[in-house]
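Asks: Pasting the sequence and the predicted model now:
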Amino acid sequence: MNALGFSSEYYHIKIEELLALSDSDLVSFKSPSYILNEDVILFIGKRSYSLSDSLLQGREILVQAQKQGLTHYPTRVMFEQRAPQLSFFALLKPIRKKYQDYSSHNYEITLNDIIDNHLERNLKDEDTAYNYSERNKWGVPKDQRQARFQEIDESFRDHGYDKKYPMAIMLCRGLGVKDKLHQGHHRMYFCRKYHIPFVQVEFLATNSFTGHLKTFFLWLNKILKYKQVN
């Protein structure tokens with residue numbers, strides 16, 4: 001397992017937010033074959049260690065895109081493996097939760113980045129909202145679920161998407177290779193309902209497979225459609 005991991009998808013991140021980042025001081029970076037020299041790469045830090053996100057490559061590309069009138073640009077996200085010493089064991093849910101860490105910043109992306117790349121693991125509606133489980137202590141009574149649902153509905157209707165509450169995308173969550181929406185499934189419902197084109201997200205990661213294992217598990221993920229909403 002290599003020291004670095006990459007998102008399975010490209011995200012159309014707001015150019016202004018990327019250009020505000022410092023250039024990465026990562027040394028001896030050798031790009032894998034599936035990363036192109038012309039790719040824009042966001043290198044996320046570790047929030048719990050106060051390590052900031054940075055721009056690894058693509059600044060000039062972003063400057064030129066901005067001059068051409070573009071506001072968002074397809075970007076690959078890179079991260080340092082959080083527990084490389086544990087290899088694939090760090091992909092097991094109990095261990096993954098212990099070692100996962102967030103990006104230092106959040107970013108505006110297009111809603112379709114989430115929808116078209118099948119990052120959602122389920123779809124929420126008024127009947128299923130905040131119904132984590134009817135069989136355990138986390139089950140929320142129906143009247144409380146409906147009240148919370150209506151409260152958020154009114155907020156989206158009147159004010160749109162509040163950037164203070166970013167969704168969370170976990171990089172390489174599915175089978176250690178496929179990005180998945182970690183938090184924000186209820187917000188996705190309202191974004192669809194009110195046709196909101198841009199959303200705010202933060203990224204988090206633990207470990208991921210690399211090399212031939214990554215290729216195999218990406219294929220397996222596609223075949224199984226692992227925890228995927230079509």
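Replies: Structure received.
Asks: Let me see the contact set for A65.
Replies: Residues near A65 by CB atoms under 8 Å, 6 or more residues apart in numbering: 15, 73. For every residue, glycine as well, the C-beta is placed using N, CA and C.
Asks: Can you classify it by secondary structure?
Replies: Recorded secondary structure, A65: helix (DSSP: H, G, I helix; E, B strand; the rest coil).
Asks: Return, as residue ranges, the portions of the chain with sub-threshold pLDDT.
Replies: Confidence mapping of the chain against pLDDT under 70 gives the ranges 1-2, 27-36, 129-142, 226-228, 230.
Asks: Which neighbours in the sheet does the strand ranked longest in it have, and how are they oriented?
Replies: In terms of residue count, the longest strand belonging to the chain (DSSP state E) is strand 4-14. Note on strand 4-14: by DSSP bridges, its sheet partners are strand 72-80 (antiparallel).
Asks: Any buried residues in the following helix or strand past the partner strand, and which?
Replies: Using DSSP states H and E, the helix or strand that directly follows strand 72-80 along the chain is helix 93-99. Using 16 or more other CB atoms under 10 Å as the test for burial, helix 93-99 gives R96.
Asks: Pairing partners for the helix or strand that helix 93-99 is followed by, with directions?
Replies: Under the assignment DSSP H and E, the closest C-terminal helix or strand after helix 93-99 is strand 101-102. Partners of strand 101-102 in the sheet, by DSSP bridges, are strand 198-205 (antiparallel).
Asks: just how off-centre is the partner strand within its chain?
Replies: Centre-to-centre, strand 198-205 and its host chain are 5 Å apart (CA atoms, centre = their mean, to the nearest Å).
Asks: any chance you could map the strands in this protein?
Replies: Along the chain, the stretches classed as strands by DSSP E are 4-14, 40-43, 54-57, 72-80, 101-102, 107-110, 167-174, 178-183, 198-205.
Asks: Just send the ones you listed back as CSV, with distance to D23 too.
Replies: Formatted as CSV, those follow (distance: least, CB to CB, whole Å):
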stretch, distance to D23
strand 4-14, 16
strand 40-43, 10
strand 54-57, 6
strand 72-80, 14
strand 101-102, 21
strand 107-110, 17
strand 167-174, 21
strand 178-183, 24
strand 198-205, 19
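Asks: out of those strands, which comes closest to T215?
Replies: strand 4-14 (11.6 Å; CB to CB).
Asks: what bridges to the spatially most central residue of the chain?
Replies: Note on the chain: the residue nearest the mean C-alpha position is I169, at 2.3 Å, using CA atoms, centre = their mean. Counting by DSSP bridges, I169 is bridged to L181, F203.
Asks: which residues touch it?
Replies: 11, 114, 119, 179-182, 201-204.
Asks: Throw these into TSV and include distance to L62 and neighbour count, thanks.
Replies: TSV is the format used below for the contacts of I169 (distance: CB to CB, whole Å; neighbours: other CB atoms under 10 Å):
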residue	distance to L62	neighbour count
Y11	14	25
I114	22	25
L119	23	26
D179	21	25
K180	27	22
L181	25	22
H182	26	20
V201	18	22
E202	20	20
F203	18	25
L204	23	20
